[in-house]
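Enquirer: take this sequence and fold it.
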Amino acid sequence: MPGAFANVAGRSEAAGLLACASLLLFLLSMQFGTISPLLPQLSEGRSHIFAALVVGGHPIGSLVAALPMVVVARRYGMHVCAIVGAAVFAAGVVLFAGLDGWWLVAGRFGIGFGGGLAWQAAFAWSISATELPRRGRTIGLLWAAIALGGIFGPQLGALAAATSRWVLVVPAILTVVAALYLVVVPRYVFAESASVRRVVAAFRTRTGVGAIGLQAVLAFGFMLLSTFAPLTLSDRGLSATELGAVFTVAALIAAVANPYSGRIVDRGKLRALVVGALATMVGAALALPMLQSTALAVTAVLVMLTANSVGNVPTGVLMAGVVEREQIDQSLNLAIGSLLWASSALIGALAAGAFASEWAAMTVLALLNAAALVAALLWRSAPPVPAGEQSAA
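Expert: This next block holds a predicted model:
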């Protein structure tokens, strides 16, 4: 139901909603980005598996939150879902900041669970409020906000590593304050409930299968990189501050690139963008283990992180288009997307902990992206709503 929000609200309300959603995603992403500089310190004297579980606590929480989000949103309202999620997210940050050992995993779980509720609500609301011709740009702007959070997150993590993890609580409180703004905007308009059979049928189409596969590959790659890259770059001599700088630069590039990616998708170049991102991932993943220079290794990591982020924009448009065709509510799109992201990301985090070498990790990453690349090159289907049809709509 594109534009349902716009039908009951003016431009200022719609702009306010997008600004609020962007701020929420910025703050949630910033908190997620703090883990990279902290990880070597938190996992000192422990196995890579423990490090993987600390990182993986977030996607586990998001996985558990995916379906309850739909129930809570439909029963109490999308604004309640976002506010409750922000509150649980803040509680998880407090737990992560104040305790050690396995409590770190528990805190990350709370961050993932609460963040998942707020994240899905912000995305679903923004997509529903956007007309089809501008959907790619809206999703690009949301991912730019996420990338901006990734700029400040590593710096905040480096500050926490040098001082105290309690500094992480400040932006968590701001997340709750930002979510409260949703009380004053016009309510989210839900589409009629869809049966499980109808949802399954929508995602059994060629476009649906392609969107699911791309989402899974990107989520696996992102979490594998988020876990493995800090450890491998730390082994090459980078400090927590330098690790923070690497992830900050990657996020800055993504923040600039994602809005342009959205415009490219809106112009009907979705497949070209997907092919370019996947091909870049394959090349950089194969190159990393062969690079002796630390500077070149950092460059390869930056390239992979950027390509992974850019790939999320066409994936979001594909997923939204699948449910749009069947007139299924966007909250279900985000729930399914979160289930895919969380499960694939968890596998990626655990895989990073299990791999004993750069070669093994990067070979698996390259093979998965190569398989998705071949599928994208063979895919003759058009995007869910081509640019010409969007204009007509």
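
Enquirer: and the residue nearest to A97 when sequence neighbours are not counted, what's its pLDDT?
Expert: Excluding the flanking residues, the one nearest A97 by CB to CB, 6 or more residues apart in numbering is R165, at 4.1 Å. Where you see a C-beta, it was placed from the backbone N, CA and C, and this is true even at glycine. Note for R165: predicted pLDDT of 89.

Enquirer: likewise the one 3 residues further on?
Expert: Confidence at L168, expressed as pLDDT, is 92.

Enquirer: assign it to helix, strand or coil.
Expert: Under DSSP: H, G, I helix; E, B strand; the rest coil, the three-state class of L168 is helix.

Enquirer: and it, how many neighbours does it have?
Expert: Burial measure for L168: 23 neighbouring residues, criterion other CB atoms under 10 Å.

Enquirer: show me what contacts it?
Expert: When the contact criterion is CB atoms under 8 Å, 6 or more residues apart in numbering, the partners of L168 are 31, 34, 93, 96-97, 156, 160.

Enquirer: at 6 Å instead, please
Expert: Remark: with contacts taken as CB atoms under 6 Å, 6 or more residues apart in numbering, L168 is in contact with 34, 93, 97, 160.

Enquirer: how close does it sit to A349?
Expert: 20 Å (CB to CB, to the nearest Å).

Enquirer: before we move on, what about V274?
Expert: When distance is defined by CB to CB, V274 is 24 Å away from A349.

Enquirer: how far does the helix ranked longest in the chain sit from the chain's center?
Expert: As far as residue count goes, and with DSSP state H defining each element, the longest helix of the chain is helix 294-325. Centre-to-centre, helix 294-325 and its host chain are 9 Å apart (CA atoms, centre = their mean, to the nearest Å).

Enquirer: for it, which positions count as buried?
Expert: When burial is assessed from 16 or more other CB atoms under 10 Å, helix 294-325 yields the following buried residues: 297-324.

Enquirer: which one is M362 nearest to, not counting chain neighbours?
Expert: Leaving aside its sequence neighbours, M362 sits nearest to A285 (CB to CB, 6+ apart; 4.5 Å).

Enquirer: immediately after whichever strand or helix holds R197, which helix or strand?
Expert: Using DSSP states H and E, R197 sits in helix 196-203. Sequence order places helix 206-235 as the next helix or strand after helix 196-203, per DSSP H and E.

Enquirer: chain center to the next helix-or-strand element following that following helix, what's the gap?
Expert: Sequence order places helix 240-266 as the next helix or strand after helix 206-235, per DSSP H and E. Relative to its chain's centre, helix 240-266 lies at 13 Å (CA atoms, centre = their mean).

Enquirer: who does helix 240-266 touch, helix- and strand-wise?
Expert: Using 3 or more CB pairs under 6 Å, 6 or more residues apart in numbering; DSSP states H and E, the elements in contact with helix 240-266 are helix 35-42, helix 135-162, helix 294-325.

Enquirer: tell me who's in contact with A251.
Expert: A251 sits next to 147, 150-151 when contact means CB under 6 Å, 6+ apart.

Enquirer: same thing but at 8 Å, please
Expert: Under the criterion of CB under 8 Å, 6+ apart, the contact partners of A251 comprise 33, 147-151, 153-154, 305, 309.

Enquirer: rewinding a little: give the rounded mean pLDDT of whichever helix or strand comes after the longest helix of the chain.
Expert: Taking DSSP H and E as the definition, the helix or strand that follows helix 294-325 towards the C-terminus is helix 330-354. Confidence for helix 330-354, expressed as mean pLDDT, is 78.

Enquirer: got the buried residues for helix 330-354?
Expert: Counting neighbours by 16+ other CB under 10 Å, the buried set in helix 330-354 is 330-353.

Enquirer: cool, thanks, signing off.
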